[in-house]
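Visitor: A predicted structure for the sequence below; I have some questions about it.
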Amino acid sequence: MTGVVLGGRYRLEAPLGSGGMAEVWRAVDERLGRKVAVKLLHPRALPPDRERFFLEVRALSRLFHPGIVQVLDLGEEGGQPYFVMELVEGGTFDRLGPFEEGPEGERILEAAALVMEALAHLHAQGILHRDLTPKNILLTKEGHPKVMDFGLAYLLQEHRHLTRTGYTLGTPSYMAPEQAKGLPLTPKADLYSLGAVLYRTLTGRPPFEGENDQAILFQHVYEAPKPPQELNPAIPKGVGEAVLGLLAKHPEERPAHPGLFRSGLEGFRALRLATPRAGASRSGHYPLAPDPRRLSLRGKLDLGGEAAWPGEMVYAGGRVYLGVGRGLVEVDLLTGEVRREPLPDEVTAPPVARGGVYVGSWDGKVRRFRGRALEWSVETGAEVTAAPLVLGGYVYVASRDGTLYAFFQDRLRFRFHAGGHLSASPTFYRGLLLLASEDGWLYALDPESGGLRYKVKTGPVHAPVAAHRGVVFIPTWEGEVYAFDPLTRETLWNASLEGELWGGMALDEERLYVAGWDGMLRALDQATGEEVWSLEVGKVTAGLAYAAGHVFLATEEGRFLAVDQRGQVVFEATGLGAVQVPPLPLPGEVLVVSLSGRLYRFGVG
C-alpha cells in the first residue's frame, strides 16, 4: 500500500506495525505537510473487531492530554476504516531504562509522573486501558511519553457487550491479578500494569517471568515481586517502594495519586545533590540552578581551614558538607552557622550524604556520621582520596593501595586489587562497577561479588569516569578522553586534548564539557568527540558542574564563570583566590569554595 493516498490527503509511506485487527503506517498529511500515523482496520476484520476499532477512535477522540496520543482525523477508504493520529518516533517506554543515577534516572521519573497523570485523565473520562505495556507507551524524540493503543479500552456503559466477545484481554507480563482471574476491573488494574511497566524499565526485567503465560499469571496472583533495588541498586529506595505499591495484589492498596512519582522525583533530585559529581554515574549534571545572568555575591563564610583538591561539596537537608583540613565542615545555609567535626587526620575525599555522612581521610578510614555521632568506621590499606560510592547498603571505597574495598554497611564483603593507585571514585553504570586506575586500566567488576568482568587499557586516570546514554567517558591524566560502550566493550571515539585532566567532566544531553591544566574549556559532541567550541578560562583542577543550560567552573587564578551552551560567558566573578573544589549549583544559589577555605554564596534577588 506504499504510496496510496487516503481521503485525498494522507499518503502512506511505510508500515510501522501490524496486529490482529489493524495495521499502522507512517504517512504524510499532504494538505498540512506534516508526518502522521494512520491506523487501518484489516479488510478481513470481523464485526466485533470493527466495533473495537471504532471504540478505540471514540476513546482517543475524547482525550486531550500531553501524555496521550492525539487523534487527528477519522475516515474510510474503499470500505476500510482508518483513523489518523500524531506520529511518535522516539521508541517504546522501556528504552528509557535501566535506571541510572544522574539525568537518566530523572528522565524516567519525569516520564513515570506524566504517565500517572495521563492515566488519571483517562480514568476521569470513564475509560480503562486494560493493556498497558511498554510497547503501548511511546516516546517522542525528546523522551516524553504518550499512551496509545486503546484497542482493548472500554467505557463503563459498554463493558458487558464487549466482554461477551470472548476476546483475550491484556498482556500476561503486565496484567493485574484481578484481570488474570477474570474479575471486574477498576482503574486500579491500569495502575498495576503501569507498576509492571516501570519495574521492567527500571530493572531491565519484568516483575515475573515463567515458561508460559499461565506460570506468569500465577505469580501475578500469588507471589510477591523482588524489591526492584535488588536487581538494580541504583534505584532509590523510595522509588522502589512506589513501584511495589502499584504492584500490590489488592486493588484498594495501590496508590492512585497522580503525583506519586513527582514526590519521588523531588527526592531523587535531593539525593543527587547529596552525592559528589551528581550521582553514581558521575555525570556532573545537577538538577537545578538559578539564572546565572542574575547572580551576584550574596555572602561569604570562613570555613576555618584549607579546602584542597580533591574536595567537593554535597548538600542535604539545607546543609552543605565539605572536608576542610582535619575536619568535616557542616554549613547551615539558612542560619549561616558553620560547624566543624574534628577528625584524627586530614580529609582527603569528598563526603557523601545518604542517611548519614560518609567521609574518607588520609589515615585510610571511611567514617559514617549521623548528626554529631560517629556511627561506624571502616579501614582500608592506604590513604582514601576518592569519594566512597554508596549504593543501598553497599559502600565501595577506592584506596591508594590500589584496592577497591566493598563493605555492606561496616562489614567487608570483598576486595579487588587493581594494581595501581586509585584516585578516582568508582562509577556504577549499566549494572557494572567501573574502576579507573593510575596504572592505566579501566576495570569492570560485578558489584555483588567483585569478580572481574573485563579490563581495558586507557591511560592513568585521576578524575571520575562520567556516563550518559549507554556510554562512559574516560578522562585520562595525560589529556586523552575516550568514549566507551561498557556492554559491547567498544571504543567509540577518543579525543586528544592538551594539558593534564585533574577534575571531573560535566555532561548535558548532547555535549561533554572538559577543562584541564592547559586553561581551555572545551565542548565535545558526545556522539563523535568533535570539538564544538573552546574557550580560554584559566587553569582548572576542580571539576565542572552543569545545570540549567550552563557550565559552572572555577579556576586556579580565582575566577568563577558561568558559560552557556554556545560557549559564551554569561557571568564572571574574580578575586576569589585559587579554587580546587567544583562549584555546587543549588536551586537558589551557586556555592564556590576557595583553597583558603572561604565559602562564596552567589544568589539572585
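Guide: Right, received. Where do you want to start? Numbers count the residues shown, from 1 in each chain.
Visitor: so where's the stretch 501-605 of the chain uncertain?
Guide: Residue ranges of the stretch 501-605 of the chain with pLDDT under 70: none are present.
Visitor: quick one, strands of the stretch 51-200 of the chain?
Guide: 71-77, 80-86, 127-128, 137-139, 145-147, 154-155 (DSSP state E, counting those that start in this stretch).
Visitor: mind checking which of those is nearest Val569?
Guide: Nearest to Val569, of all the strands of the stretch 51-200 of the chain, is strand 137-139, at 35.1 Å by CB to CB. Using the backbone N, CA and C atoms, a C-beta is placed for each residue, glycine as well.
Visitor: Identify the residues contacting the closest one?
Guide: 69, 88, 90-93, 95-96, 111, 115, 145-148, 197 (CB atoms under 8 Å, 6 or more residues apart in numbering).
Visitor: try it again with 6 Å
Guide: 88, 90-91, 93, 145-148 (CB atoms under 6 Å, 6 or more residues apart in numbering).
Visitor: Quick one: neighbours of Pro47, just the number.
Guide: 8 (other CB atoms under 10 Å).
Visitor: change the start of the numbering to 30 and stick with it
Guide: New numbering, starting at 30: the last item is Pro76.
Visitor: how much space between it and Arg368?
Guide: 76 Å (CB to CB, to the nearest Å).
Visitor: just the contacts of strand 166-168 now: which is nearest Val272?
Guide: Using CB to CB, the contacts of strand 166-168 come closest to Val272 at Phe122, 13.8 Å.
Visitor: My read is that the closest one contacts Lys164, right?
Guide: No: look at Phe122 against Lys164 with CB atoms under 6 Å: they stay out of range, at 8.1 Å.
Visitor: Among the two, which residue is more densely surrounded?
Guide: Phe122 (27 against 17).
Visitor: contacting residues around the more buried one?
Guide: Counting by CB under 6 Å, 6+ apart, Phe122 has contacts 163, 166, 174.
Visitor: Who wins on neighbours among those?
Guide: The residue in these with the most neighbours, by other CB under 10 Å, is Ile166 (27 neighbours).
Visitor: Find the nearest non-adjacent residue to that residue, please.
Guide: Phe122 (3.8 Å; CB to CB, 6 or more residues apart in numbering).
Visitor: per-residue pLDDT, that neighbour?
Guide: pLDDT recorded at Phe122 is 94.
Visitor: What is the neighbour count of the nearest residue to Leu148 once chain neighbours are set aside?
Guide: Among residues not flanking Leu148 along the chain, Asp219 sits closest, at 5.5 Å (CB to CB, 6+ apart). Asp219 has 29 neighbouring residues, counting by other CB under 10 Å.
Visitor: Settle this for me: Asp219 is touching Arg159, isn't it.
Guide: No: taking contacts as CB under 6 Å, Asp219 lies outside contact range of Arg159: 7.2 Å.
Visitor: care to break the chain down by domain?
Guide: 34-115, 122-299, 303-632 (automatic domain parsing).
Visitor: ok, Leu275 - how many residues close by?
Guide: 26.
Visitor: how much space between it and Arg283?
Guide: 5 Å.
Visitor: so what sits against both of these two?
Guide: Leu220.
Visitor: quick one on the thing from earlier: could the contacts of Phe122 go into CSV alongside pLDDT and distance to Trp546?
Guide: Below are the contacts of Phe122 laid out as CSV (pLDDT from 0 to 100; distance: CB to CB, whole Å):
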residue, pLDDT, distance to Trp546
Pro163, 94, 46
Ile166, 95, 47
Pro174, 96, 44
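Visitor: and which of the residues you listed is nearest to Lys329?
Guide: Nearest member of the contacts of Phe122 to Lys329, counting by CB to CB, is Pro174, at 44.9 Å.
Visitor: I figured that closest one hits Ala140, correct?
Guide: Yes: shown here, Pro174 and Ala140 form a contact pair, counting by CB under 6 Å, at 4.6 Å.
Visitor: If you drop the residues flanking it in sequence, what lies closest to the spatially most central residue of the chain?
Guide: With distances taken as CA atoms, centre = their mean, Gly134 lies nearest the centre of the chain, 1.8 Å away. Of all residues not flanking Gly134 in the chain, Phe128 sits nearest, at 5.2 Å (CB to CB, 6+ apart).
Visitor: Can you read off the backbone torsions of the one you found?
Guide: Backbone torsions of Phe128, given as degrees, to the nearest 10, read phi -70, psi 130.
Visitor: ok, it - how many residues close by?
Guide: Neighbours of Phe128 (other CB under 10 Å): 26.
Visitor: That one reaches Ile264, doesn't it?
Guide: Yes: in this structure, Phe128 is within contact of Ile264 by CB under 6 Å, at 5.0 Å.
Visitor: which neighbours do those two share?
Guide: In contact with both Phe128 and Ile264: Leu231, using CB under 6 Å, 6+ apart.
Visitor: and Ala299, what pLDDT?
Guide: Confidence score, pLDDT, at Ala299: 92.
Visitor: give me phi/psi at it?
Guide: The phi/psi pair for Ala299 (degrees, to the nearest 10) is phi -60, psi -40.
Visitor: which non-adjacent residue is nearest it?
Guide: Ala345 (7.0 Å).
Visitor: Kindly report the same for Gly365.
Guide: Leu330 (6.2 Å).
Visitor: So which bits of the helix or strand hosting Val65 are buried?
Guide: Per DSSP states H and E: Val65 is located in strand 63-70. Buried residues in strand 63-70, counted by 16 or more other CB atoms under 10 Å: 65-70.
Visitor: Any chance of a markdown table for those, columns pLDDT?
Guide: Formatted as a markdown table, those follow (pLDDT from 0 to 100):
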| residue | pLDDT |
| --- | --- |
| Val65 | 96 |
| Ala66 | 94 |
| Val67 | 95 |
| Lys68 | 91 |
| Leu69 | 92 |
| Leu70 | 90 |
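Visitor: Next, format the residues you listed as JSON lines and append distance to Leu471.
Guide: Below are the buried residues of strand 63-70 laid out as JSON lines (distance: CB to CB, whole Å):
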{"residue": "Val65", "distance to Leu471": "46"}
{"residue": "Ala66", "distance to Leu471": "43"}
{"residue": "Val67", "distance to Leu471": "48"}
{"residue": "Lys68", "distance to Leu471": "47"}
{"residue": "Leu69", "distance to Leu471": "51"}
{"residue": "Leu70", "distance to Leu471": "54"}
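Visitor: of those residues, closest to Ala153?
Guide: For the buried residues of strand 63-70, the nearest to Ala153 is Lys68 (24.3 Å; CB to CB).
Visitor: Would you confirm that that closest one contacts Ala51?
Guide: Yes: counting by CB under 6 Å, Lys68 does reach Ala51; the two are 5.4 Å apart.
Visitor: Under the pLDDT cut-off, which ranges of the stretch 180-329 of the chain? List them.
Guide: Looking at the stretch 180-329 of the chain by pLDDT under 70, you get 180-198.
Visitor: switch the cut-off to 80
Guide: Low-confidence segments of the stretch 180-329 of the chain, defined by pLDDT under 80, are located at 180-199.
Visitor: One more: the stretch 30-179 of the chain?
Guide: If you take pLDDT under 80 as the line, the stretch 30-179 of the chain has these spans: 48-49, 85, 88, 179.
Visitor: repeat that with 90
Guide: For the stretch 30-179 of the chain, the stretches with pLDDT under 90 are 30-32, 45-52, 71-92, 105-109, 131, 154-156, 159, 171, 177-179.
Visitor: what about the helices in it?
Guide: Along the stretch 30-179 of the chain, counting by DSSP state H, counting those that start in this stretch, helices occupy 76-90, 132-153.
Visitor: Throw those into a markdown table and include distance to Thr414, thanks.
Guide: As requested, the helices of the stretch 30-179 of the chain are exported to a markdown table (distance: least, CB to CB, whole Å):
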| stretch | distance to Thr414 |
| --- | --- |
| helix 76-90 | 57 |
| helix 132-153 | 27 |
